[in-house]
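In: Attaching a predicted model along with its sequence, questions to come.
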Amino acid sequence: MRHILALSMLLAAFAGQVSAQTSKIVSGSTKFSVKFILGTCNGTFDAPRGEAVFNEKNPENASFNVRIAANTFKTNNNSRDKDMKSDKYFWVEKYPDIHFKSSKVEKKDGKYQVTGTLTMRDVSKTVTLPFEAKKSGDGSYAITSTFDVNRLDYKIGEKDWKLKDIVTVNLQATIK
């Protein structure tokens, strides 16, 4: 009887590991907003791409490896977009990706948070980002995160009284 119980526990643990398989980001969006002297500038990047391992039953085993193409920056102002892609801001020729790689995922007070390294340009910083995960009927997850980034921490432009330092980012991804 003990052997059957031990085997059942082992199979349950294995099933938990199997259900947390690596998934691809299949769709999503990346939006941002930053205040400046004339109001708020809203823009987008193309959808994030990368891989994720996530299962709401075992968030501590989750991981995210996400990239956003910096050259897909759009604000519907061609002159501003060109300037933002230059070496003064994102320097997309030299640093084509914004990259986030997780090191820890946890659930606190009913909410998820992921800690990892966020890299823009040649600057990498450890950040903790909140996120929500909703499972769909097909087994995919809709992941959303809204967070603030200080652009100066990553050498995105210089201090300027016309442009605020804090940028709000809204990231959405469907993993399957």
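Out: Received, thanks. Residues are numbered from 1 along each chain as shown.
In: just the strands in this protein please.
Out: Assigned strands in the chain, in chain order: 22-36, 39-45, 49-53, 63-69, 97-108, 111-120, 123-135, 141-150, 163-175 (criterion: DSSP state E).
In: want to try TSV for these, with mean pLDDT, distance to residue 75 and mean neighbour count as columns?
Out: (Each C-beta comes from the backbone N, C-alpha and C, glycine too.) TSV is the format used below for those (pLDDT from 0 to 100; distance: least, Cβ to Cβ, whole Å; neighbours: other Cβ atoms under 10 Å):
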stretch	mean pLDDT	distance to residue 75	mean neighbour count
strand 22-36	94	9	16
strand 39-45	96	4	14
strand 49-53	95	21	18
strand 63-69	97	15	20
strand 97-108	96	16	16
strand 111-120	97	17	18
strand 123-135	96	22	14
strand 141-150	96	16	16
strand 163-175	96	12	18
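In: The ones you listed: which one's closest to residue 80?
Out: Nearest of the strands of the chain to residue 80, taken as Cβ to Cβ: strand 39-45 at 7.7 Å.
In: dump the residue contacts of residue 135.
Out: Listed by Cβ atoms under 8 Å, 6 or more residues apart in numbering, the contact partners of residue 135 are 56, 141.
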